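Participant: return atomic coordinates for the entry below.
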Amino acid sequence: MIKIITGSRAFFEGMDGFKPHDFDYTVLRQPEEVSFKYKYAHKDSEGNCIFEVVLRDKKEMMDYAVKHGLPMSLCMFLVPEFCEAVGITISDLPTLSSMRDRLNKRHRYLGIIYNAYLANGSMTLTDEQRQAAYEEYRQARNNV
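Facilitator: Predicted coordinates for the structure are as follows:
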């Protein structure tokens, strides 16, 4: 089992004024460990969001997310630790562009991060790019 912080904390932890209300985690599971086929989302006893994801071939995982996942599921594919664990590289990200295009207002910050990664040719953000994504995040949440 691999447990990775995801959601807004993965990108904005430590930024001035960032006060998230919970933790989001992606937990990678081997197929033989679980009874579900791809993904199971639930809250733990502390109110944290847990996204259990079955480890599969990266192409299969990405294709499933594009066809069946909520657009905000793009988030886990932007967390470098997740990508490293499943073998996703920057060259794989264009496969997910339709998810970026369908993001709702509260999750458009993910589109900014996605676009920055592609522009940079790596899963890194400059301080300016991180700040732009954070401002989008704050605006969508009425400046939390």
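Participant: so what's residue 75 up against?
Facilitator: Residue 75 makes contact with 6, 7, 10, 24, 107, 110 under the criterion C-beta atoms under 8 Å, 6 or more residues apart in numbering. All C-beta spots, glycine's among them, are computed from the backbone N, C-alpha and C.
Participant: next, give me the two most distant ones among the residues you listed.
Facilitator: By the measure C-beta to C-beta, 10 and 107 form the most distant pair in the contacts of residue 75, at 13.2 Å.
Participant: on the C-terminal side of the lowest-mean-pLDDT helix or strand in the chain, identify the next helix or strand.
Facilitator: Comparing helices and strands within the chain by mean pLDDT, DSSP states H and E singles out strand 39-43 as the least confident, with a mean of 91. Per DSSP states H and E, strand 39-43 leads on to strand 49-54 as the next helix or strand towards the C-terminus.
Participant: and that following strand, average pLDDT?
Facilitator: Mean pLDDT, computed over strand 49-54, is 95.
Participant: what about residue 127, distance to residue 31?
Facilitator: In this structure, residue 127 and residue 31 are separated by 40 Å, where distance is defined by C-beta to C-beta, to the nearest Å.
Participant: all helices of the chain, in order?
Facilitator: Under the criterion DSSP state H, the chain contains helices at 9-12, 58-68, 80-86, 97-101, 108-120, 127-140.
Participant: among those, which comes closest to residue 40?
Facilitator: Go through these one by one with C-beta to C-beta and the one that ends up closest to residue 40 is helix 58-68, at 13.2 Å.
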